[in-house]
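Participant: whatever this is, show me its structure:
(2 chains)
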Protein chains: 2
Amino acid sequence: MEKPTLPKGTRDFGPTVMAKRQFILNTIRGVFQLFGFQPLETPAMESLSTLTGKYGEEGDQLLFKILNSGDFLKDVEQQSLNTKDSRLITNSISEKGLRYDLTVPFARYVVMNRHEITLPFKRYQMQPVWRADRPQKGRYREFYQCDADVVGTDSLLCEAEIILMIKSAFKALGITDYTIKINHRGMLAGIAELVSANEKEASLYVAIDKLDKVGEEKVKEELLARGFAADSLITLFKILNFKGTTQAKIKFLTSEFNRSEKGMDGLKDFSEVLALLNEYGASGDQIEFDIALARGLSYYTGCIFEVKINNVAIGSVSGGGRYDNLTQAFGSKEKLSGVGISFGVDRLYDAMEELKLFPQETQISSTVLISHFDEESKRYGLGVLQTLRENGIASEIYPDPVKIQKQLDFANKKMIPYVIVIGSEEVKSGQLSVKTMKTGDQVKKSITEIISLLTGNQNQN
Amino acid sequence: MEKPTLPKGTRDFGPTVMAKRQFILNTIRGVFQLFGFQPLETPAMESLSTLTGKYGEEGDQLLFKILNSGDFLKDVEQQSLNTKDSRLITNSISEKGLRYDLTVPFARYVVMNRHEITLPFKRYQMQPVWRADRPQKGRYREFYQCDADVVGTDSLLCEAEIILMIKSAFKALGITDYTIKINHRGMLAGIAELVSANEKEASLYVAIDKLDKVGEEKVKEELLARGFAADSLITLFKILNFKGTTQAKIKFLTSEFNRSEKGMDGLKDFSEVLALLNEYGASGDQIEFDIALARGLSYYTGCIFEVKINNVAIGSVSGGGRYDNLTQAFGSKEKLSGVGISFGVDRLYDAMEELKLFPQETQISSTVLISHFDEESKRYGLGVLQTLRENGIASEIYPDPVKIQKQLDFANKKMIPYVIVIGSEEVKSGQLSVKTMKTGDQVKKSITEIISLLTGNQNQN
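Facilitator: Reported below is the predicted structural model:
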């Protein structure tokens, strides 16, 4: 029999990795809840009619589709089968797919439960998503997204709170050197107006998005090829290349946008968000007004955000923005504006690993291993074990009768910080030997003393 | 456009349900960690070669299979397509399936990572599984399993700890009236010997398993039809119908098993587990020795467990047992014995809901809503909000300028227990009105006083 393998682009998370992942997930969950967001979970499988057409043509092709159960070919016409046209036949043999992101399921949930939802609705969702992408370093076919969205209000307080949540999450994760880039689709629309992009807004955003990857010359070439006039590119890069403080940028754009209402409205929104942050007493540190931030071909209509960790060669670890109409893809007539943020757990993990930011105590293991010289001391150890656990101290006993050294090795490998060694002497006196594995120090203590030592010291997960 | 729907047998979990589910999952996770189990997560998708043949023929048919990406028909021969034989073609167009349980992925993980794993290995895993079963009340196509297993040791301490974990989990969940049924496959094998079942052990176990559902007469009919001799059934039911205390049962079986070594070995194991529980200082309450417990056609070889909540019409909420050879299905030559337990979150949820056991504070919402009469008080409220959150108090502000009554209604609907009402007077004096939503009481307090009130009182999730 061949050794089993994992499907391409998927991963197992063993204990050490899980402990770190749980640290990230629990931290983000804690921040979401601190800000009043409530949890939602949706099924891994969605009807293909829910998923298809929401992610562009490329996205449709990246959906994992589930084969209908039972005799799935029964109702497929032989004529279709003869074409051997996979796309044609897919719809006949598959009606479900795996969730591709958390936004479409959220929108579907809102439409299906609209009468029970109190607006504004603040929900968070932390679940895996699946994409049949070509796997490569840092890109997987199954990965977690952590999203928080508030829908049903236009209030710019929500934008300010998104920024505060990012700051809180990064603080709690121990990440200090990062940049929250902010822009506003209104300002980009204003620029599009100024450079007469008219119907070519999307091409403009896509090109701008590439600026930091491919450089100014390539972007210019692309835009010229797409029919932009040479003099409009001068205006464009005058704006994109403007350097200065946020205040200087605002002043500069106020003058540029005197010919664009859209631009001016975007600028006003953006300035209000900064003013609100100030009212919260939040510092402007880590915030960068980046007029060249576009976030590609997305559905955003207002403020947009993107977070990069500085001095780490990893793309953005978080991003989001305001959108106008969450539920329109499902034919809802009610316009639900909202704003959301998504954290990428895998990239955060890689960055924190590189920066050595995971606290030692994320390791999930017992605090104590009870080791024993013989059957009698093992049996005595069971009562000790029970007492430790009753006091909330994660503990285990080595289950088999093996040499003490093997039991100590086991504790070391599992990174268990304390070992209680029990032999006949300890059974008689009730004074137990406690070995601190890191230092090798060993002291004798009563069980009561051990509990007070460890509950002041303990690794709470 | 049609209203979107959910795939059959799947569910969304909105905030209220999620809060209760998280209570169950966090409680079980806490117990697993207290007992020294470490987390594992495996991908939703497994290679079909990993899954197929592990769950019997019926199980194979209940696997959700994933359509290969891209032009999946390209390499399928037209001749096969012409047969329209779904089973034949499945293997050509699908090579991955969704995980059906957590045991097979665990075994696969152990085989693939054997050199990195320290034995005995205690892992827990809490993830959804998928089965293309016919959906019905209480049976879903996506549901969570919570498994803990220890592999790599024969020690009966592990069996005792499984029982202790069940007790800890139920205590923490607030479930008091339940029964842990225990039996041992060795004793069942002993009975099979006594009734000369020889090669018909499996039929015997399946029939015994049905006893409490269909009754003695039907089971007898079935066994006679399967070729069991009438007088062997007399022996069988003499044993199955024996009533008495655990000690009385052990005494009775000790005499019955004087003709069966297997039976006697099983009885010895079982008695040792009870003796160990005694050493832990654990009471025998809730434990029932049930010689008629068989757990069907499973891979168990030693002690088996099943937990039922009394006075609730819901099947077993937890079950498990010892198995001989976790990894043999993957061709591993090393025999890894282990013992595991699985908790069914959905059934626990239903039972706890029926028994009204969910604590009020499982609700995940903000502790405080800040409401405001006008723009000035709203802006003042932002600083208050920030201070509350800095003190770990989950809080939110109503984002839009609406009437106070609407803001209070919002707090009620979201079950937010406290509302701070801010108007111009509060802004001037710094004495804020705090309304307790449950009672309607309203008092004036400084922010410092509010924080001490709430941190003594607060709903920590």
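Participant: so how far is the lowest-mean-pLDDT helix or strand in chain A off the chain centroid?
Facilitator: The helix or strand of chain A with the lowest confidence, counting by mean pLDDT, DSSP states H and E, is helix A:78-83 at a mean of 85. Distance of helix A:78-83 from the chain centroid (Cα atoms, centre = their mean, to the nearest Å) equals 43 Å.
Participant: what residues does that helix touch?
Facilitator: A:73, A:88-89, A:92, B:78, B:81-82, B:84 (Cβ atoms under 8 Å, 6 or more residues apart in numbering or on different chains). In short, each C-beta sits where N, CA and C put it, glycine included.
Participant: show the buried residues in the residues you listed.
Facilitator: The neighbour count (16 or more other Cβ atoms under 10 Å in any protein chain shown) marks A:73, A:89, A:92, B:81 as buried among the contacts of helix A:78-83.
Participant: could you work out the most separated pair of those?
Facilitator: Farthest apart among the buried ones among the contacts of helix A:78-83 by Cβ to Cβ are A:92 and B:81. That separation is 12.5 Å.
Participant: where does the closest residue to residue A:252 other than its chain neighbours fall, secondary structure wise?
Facilitator: Leaving aside its sequence neighbours, residue A:252 sits nearest to residue A:242 (Cβ to Cβ, 6 or more residues apart in numbering or on different chains; 5.4 Å). Using DSSP states H and E, residue A:242 sits within no helix or strand.
Participant: how much space between residue A:242 and residue A:261?
Facilitator: 21 Å (Cβ to Cβ, to the nearest Å).
Participant: same question for residue A:364.
Facilitator: From residue A:364 to residue A:261 the distance is 55 Å (Cβ to Cβ).
Participant: just give me the neighbour total for the closest residue to chain B within the stretch 201-350 of chain A.
Facilitator: Here the residue of the stretch 201-350 of chain A nearest chain B is residue A:331; by Cβ to the nearest Cβ that distance is 3.2 Å. Per other Cβ atoms under 10 Å in any protein chain shown, the neighbour tally for residue A:331 reads 11.
Participant: can you check the one 5 residues further on too?
Facilitator: Here the neighbour count serves as a burial measure; for residue A:336 (other Cβ under 10 Å) it reads 22.
Participant: got it, and residue A:449?
Facilitator: Number of residues near residue A:449 (other Cβ under 10 Å) recorded here: 14.
Participant: now it: which helix or strand?
Facilitator: helix A:447-455.
Participant: show the average pLDDT along that helix.
Facilitator: When pLDDT is averaged over helix A:447-455, the result is 94.
Participant: for that helix, packing partners?
Facilitator: With contacts defined as 3 or more Cβ pairs under 8 Å, 6 or more residues apart in numbering or on different chains; DSSP states H and E, helix A:447-455 has these neighbours: helix A:375-390, strand A:432-436.
Participant: spatially nearest residue to residue A:258 (excluding sequence neighbours)?
Facilitator: residue A:264 (7.4 Å).
Participant: one more: residue A:364?
Facilitator: Going by Cβ to Cβ, 6+ apart, residue A:364 has residue A:19 as its nearest residue, at 4.3 Å.
Participant: show the pLDDT at the one you found.
Facilitator: 95.
Participant: okay, now the unreliable bits of the stretch 251-400 of chain A?
Facilitator: Scanning the stretch 251-400 of chain A with the threshold set as pLDDT under 70 gives A:297.
Participant: so which residues on the stretch 301-450 of chain A come close to chain B?
Facilitator: Within the stretch 301-450 of chain A, the positions adjacent to chain B are A:330-331, A:364-366, A:379, A:382-383, A:385-386, A:389, A:392-397, A:399-400, A:410, A:413-414 by Cβ under 8 Å from any Cβ of the partner chain.
Participant: out of these, which end up buried?
Facilitator: A:330, A:364-366, A:379, A:382, A:385-386, A:389, A:393-397, A:399, A:410, A:414.
Participant: just the CA atoms of stretch A:84-100, as CSV, please.
Facilitator: These are the backbone C-alpha positions of stretch A:84-100, laid out as CSV (Å, rounded to 0.1, in the frame of the first residue of the first chain):
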residue,chain,number,x,y,z
LYS,A,84,-17.0,15.9,-23.8
ASP,A,85,-17.5,19.5,-23.0
SER,A,86,-16.6,19.7,-19.3
ARG,A,87,-18.1,23.1,-18.7
LEU,A,88,-21.4,22.1,-20.3
ILE,A,89,-21.7,19.0,-18.3
THR,A,90,-20.6,20.5,-15.0
ASN,A,91,-24.0,22.0,-14.4
SER,A,92,-25.7,18.7,-14.9
ILE,A,93,-23.6,16.7,-12.5
SER,A,94,-22.8,19.3,-9.8
GLU,A,95,-25.1,21.7,-8.0
LYS,A,96,-22.9,22.6,-5.0
GLY,A,97,-19.5,24.2,-4.5
LEU,A,98,-17.2,25.0,-1.6
ARG,A,99,-17.3,28.5,-0.2
TYR,A,100,-14.8,30.8,-2.0
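Participant: thanks again, I'm all set now.
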